[in-house]
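K.L.:
With the input below, show me the fold.
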Amino acid sequence: MSNKEATHPDPAVVPQDLSAEEKRSLDPVKPPQNLPNAVSTSISKADELVLRLSKLIKTTAGLGAGLSTLNYALYVAAYLHAQSPSRAAVIAYISRLIGRSSKVPTIVTPPTSAAATSFLTPLGALISDTRTTLRLTGLIPLYIWMKTLLSKKASKEMDPSLHRIALLQCGGYIGFQLLENIYHLAGKGLVPISFLEKRGGVAKWVAWSCRAWLVGVASDFLRLWREAELEKSRASTRSAKEKEEYDRKWWNEFMTAAYWIPVAIQYSNYPDGIGLSTGAVGFLGLMAGLTNFRNAWAATA
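P.N.:
I've put the predicted structure just below:
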């Protein structure tokens, strides 16, 4: 392998997908027996974590869930770090939020510009930019979804109310993705920035993109309401286990939508927002994405 290939590997140099035989040969790392138990356990756990992360990021859903969770977690961490730069102060601040008194002595230090511009903020911005770039292909599955909804089969088989709600939601997400793609490409110099400036400016494009996203998120409440109505008519045919599974799924989806709504409203009023701090946005986004991340992570076991 040349030095250039080592520095800039491409798919022809670095294998992207392992064969079935190679996957079976990936036994867990066995640390040397002369190491302390704590060290051996740490090495084994780290190896297991890397293997599961590899499985997670190989799927679009898994990669999206992982990046979203990390992105919003960094928003929370950056906010807490900016408010309470010292570790002791952060612990005390979290303890106050959950209603417990901290036994760690707090040394209050005033926020400085260094704290406000810690590596957490640009790292969060980098991950956010990466997620936006990955969504450039998002119009393709949305087109397929809309095409499916407009088919005669969907019109006949779907509940009329759910069908109309799905059309509204898909349309909202298409509007969001289209507008986001254009202003993101303009930010990268691939679309003339003058194209946006002549049509309201970048801030307006961001706001209307997020308003379209808000339509998609709000549609979930209509969908869940209609599904609950239909479930009542089928309740007599359900077993206790089926009812429990449905209720769990329904409440998880309801809470996810409930967490996303204030975030969508905040960004729909870009750049002023509605008063939510970066920490609040991070917390709401983190809570909204945890269900997807837990499901994706469980699938790697």
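K.L.:
so where is the protein shaky, pLDDT-wise?
P.N.:
Within the chain, the set of residues satisfying pLDDT under 70 comprises 1-44, 84-118.
K.L.:
Just the strands from it, written as ranges.
P.N.:
Taking DSSP state E, the chain contains no strands at all.
K.L.:
In space, not sequence, find me the middle residue of it.
P.N.:
When C-alpha atoms, centre = their mean is applied to the chain, the residue found nearest the centroid is S68 (2.6 Å).
K.L.:
Give me the neighbour count for the closest residue to that residue other than its chain neighbours.
P.N.:
Nearest non-adjacent residue to S68, counting by C-beta to C-beta, 6 or more residues apart in numbering: G289, 4.4 Å away. The way it works is simple: take the backbone N, C-alpha and C, and place the C-beta from them, glycine included. Around G289 there are 24 other residues, counting by other C-beta atoms under 10 Å.
K.L.:
now do the one 10 residues further on
P.N.:
By other C-beta under 10 Å, the residues close to A299 number 13.
K.L.:
same check, this time on A207
P.N.:
With other C-beta under 10 Å as criterion, A207 counts 19.
K.L.:
All further residue positions should be reported with the first residue as 472.
P.N.:
Okay, residue one is now 472; in that scheme the one you just asked about reads as A678.
K.L.:
nearest spatial neighbour of it, skipping sequence neighbours?
P.N.:
Nearest non-adjacent residue to A678, counting by C-beta to C-beta, 6+ apart: Y741, 4.4 Å away.
K.L.:
just K714 next, same as before
P.N.:
Closest to K714 by C-beta to C-beta, 6+ apart is A706, at 7.0 Å.
K.L.:
Please verify my assumption that the one you found contacts Y717.
P.N.:
No: A706 lies out of contact with Y717 (C-beta atoms under 8 Å); the separation is 9.3 Å.
K.L.:
These two - which one has more neighbours?
P.N.:
More crowded of A706 and Y717, by other C-beta under 10 Å: Y717, with 16 against 10.
K.L.:
Which residues are in contact with the more buried one?
P.N.:
Y717 makes contact with 702, 709, according to C-beta atoms under 8 Å, 6 or more residues apart in numbering.
K.L.:
hmm, back to that, contacts only, for the residue nearest to A678.
P.N.:
Taking C-beta under 8 Å, 6+ apart as the test, what Y741 contacts is 674, 677-678, 681.
K.L.:
Can you turn the buried subset of these into a selection I can paste into PyMOL?
P.N.:
The following PyMOL line selects those of the contacts of Y741 that are buried, judged by 16 or more other C-beta atoms under 10 Å:
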select buried, resi 677+678+681
